[in-house]
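1. no sequence on this one, just coordinates:
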């Protein structure tokens, strides 16, 4: 029987915790929602010297006093699950603050090994950490690592194995000042008398939490401590003239400062370098905005051209594969549509979505590692907060220019479900690469490039108005609390590694849905269902939008794949090129406005359903139809006014 002891990786956000988990698990991970929440935990089985252990990557948290669902998951997992060892990932560049978290984790009484990450950044800032002294002070194993490069990971696993093999661990807990320690010990004895389960968590930890924030305790335990907690709270306020939470925080800060003074030395830099001056310029509220056009322009141009290049590179291979099974259509059409659905699904993932997703993920990882993305969110947050969005939503909207599917997945970086839902509803309004191709092709053939610019400006207006209106029915957005990391030049190898992790994760999650969606499309085409669905569009197209009813089939197929619209519009109206379409400029612009916003493609709809549920997916689809009809009517009226006066 394999060993089933559990190792939990705990640390503050941006400490390198998840990167270490990926190295330890070698990408052999599974994700699951923590009970009662939408927060996902990553876990994996790892082999250390022939024994198997379950390793869990817990959400990053600044302390075990949670302020959101992700931090709550970390706290409740450590409190309620049987954890045999904690790997505490410390950010060496934020040594004192990380030490406060380490001291709090040690209060749990669970065996622990400290992984001291980002030592190079600490050294660059002038901080020298003496790991031997630190290990002696904390009485735990300290292992310097580089999570990105995998350095020190072998030593870390060996130390973890040694700790797990011990029959008993000598767990140190730092006593507080005399007056506070008396209260901790008193409550600890009360807890010992009333507690029924432990899961390895010490009575001391619960006693400290009872003083710090009684709401964090289990209900049955909290009710048994009501009277003693009132006495302790009154005594602490009388003695220290501060709240109990502040008193405990002061104790940990005092301890961390004492340990830091013994185990580290800081040498200030003589003068600021180019990076420091650049950082001050970017963070300047007035001049920092000058970097935004450069950033967005670089992202857009790179994603667009690299995406097109990769698509053209990949397409011939799939065309060749399609030719291999084409004879199947002659003797069994249903089988052909099914096989074609599978191939088209893979083509959609690798030939359409991935070419735009790859450069986006690479650039996002690159700018994230430089520290610029955090600064971007900070700069833009005040502006987009006015329409109910969060600064971090920017990444999803950028990704939406390539494809809405990975953009929906990108909403996971938002901590609040409210922000994730709002961003997920608005992302499909961003024209993806397929819709951008439709916009450019039709405006170039009929209206000229100026009208393409008008469409994109109108898209921004639609997102802003809908964001403001939808946010009226949601809770108020939370303020942006964001840690600004060090501005630095990233290692390209690290960026490639992060990109690889994201690509694998995307293919594992999105590919099955793309294949199933394409098979479903093939079956609809086989049974000729589209002809009946086409009838639903005819009244709207002919009487409301003043468009030929033959375009209904174009919209039906566009629902499944937006890039089919350019092909289907020629077939539907019986012409060989766009320039020959029997449509007036006003009709073309009305059609473009409708196509830009109507129903997200089938795959996007499925992904929204998967991420946010049926209600949000259905609401998003209905909203998009109303926005599309309204936008088409606006452009129809606009051209009516132009023609009337000109």
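-> Everything's here; your move. No experiment lies behind these values; they were computed from the predicted model shown. Numbering: from 1, shown residues only.

2. can you list contacts of the strand or helix carrying residue 229?
-> Using DSSP states H and E, the element containing residue 229 is helix 226-240. Helix 226-240 is contacted from outside by 179-180, 183, 186-187, 190, 210-211, 214, 242-244, 247, using CB atoms under 8 Å, 6 or more residues apart in numbering. Where C-beta positions appear, they are placed from N, C-alpha and C, glycine not excepted.

3. mind jotting down where the strands sit in the chain?
-> For the chain, the strands defined by DSSP state E cover 6-11, 30-33, 40-48, 51-57, 85-91, 112-117, 127-129, 141-144, 264-266.

4. which stretch among those strands comes nearest residue 97?
-> Relative to residue 97, the nearest member of the strands of the chain by CB to CB is strand 85-91, separated by 8.0 Å.

5. okay, now the closest residue to residue 394 other than its chain neighbours: neighbour count?
-> With sequence-adjacent residues excluded and distances taken as CB to CB, 6 or more residues apart in numbering, residue 394 is closest to residue 380, at 5.8 Å. Neighbour count of residue 380, defined by other CB atoms under 10 Å: 20.

6. shouldn't residue 380 be in contact with residue 295?
-> No: using CB atoms under 8 Å as the test, residue 380 is too far from residue 295 to be in contact (10.2 Å).

7. quick one, domains of the chain?
-> 6-165, 178-266 (automatic domain parsing).

8. please identify the deepest-packed of the ones you listed.
-> domain 6-165 (a mean of 19; mean count of other CB atoms under 10 Å).

9. and the residue lying closest to residue 61 once chain neighbours are set aside, how close does it get to residue 13?
-> Spatial nearest neighbour of residue 61, chain neighbours left out: residue 71 (4.1 Å); criterion: CB to CB, 6+ apart. Going from residue 71 to residue 13 by CB to CB, to the nearest Å gives 10 Å.

10. and for residue 421?
-> 22 Å.

11. verify the stated contact: residue 544 with residue 630.
-> No: the criterion here is CB under 8 Å, and residue 544 misses it with residue 630 at 10.6 Å.

12. roughly how far does the nearest residue to residue 194 once chain neighbours are set aside sit from residue 190?
-> Spatial nearest neighbour of residue 194, excluding adjacent residues (CB to CB, 6+ apart): residue 224 at 4.4 Å. With distances taken as CB to CB, residue 224 is found 7 Å from residue 190.

13. any shared contact partners between these two?
-> Joint contacts of residue 224 and residue 190 (CB under 8 Å, 6+ apart) do not exist.

14. mutual contacts of residue 71 and residue 13, please.
-> The contact sets of residue 71 and residue 13 overlap at 61, 62 (CB under 8 Å, 6+ apart).

15. per-residue pLDDT of the residue nearest to residue 86 when sequence neighbours are not counted, please?
-> Excluding the flanking residues, the one nearest residue 86 by CB to CB, 6+ apart is residue 112, at 4.5 Å. We have a pLDDT of 95 for residue 112.

16. kindly report the same for the one 4 residues further on.
-> If you check residue 116, the pLDDT there is 95.

17. quick check: closest non-adjacent residue to it.
-> residue 144 (4.8 Å).

18. surely the one you found meets residue 114?
-> No: taking contacts as CB under 8 Å, residue 144 lies outside contact range of residue 114: 9.7 Å.

19. now stretch 588-606: average pLDDT?
-> 85.

20. before we move on, the earlier item: what is the mean pLDDT for the helix holding residue 229?
-> On average, helix 226-240 scores 87.

21. and the residue lying closest to residue 174 once chain neighbours are set aside, what does it touch?
-> Closest residue to residue 174 apart from its sequence neighbours, by CB to CB, 6+ apart: residue 255 at 5.1 Å. Contact partners of residue 255, counting by CB under 8 Å, 6+ apart, are 99, 103, 174.

22. which member of those residues is positioned nearest residue 318?
-> Once CB to CB is applied, the member of those that ends up nearest residue 318 is residue 99, at 54.3 Å.
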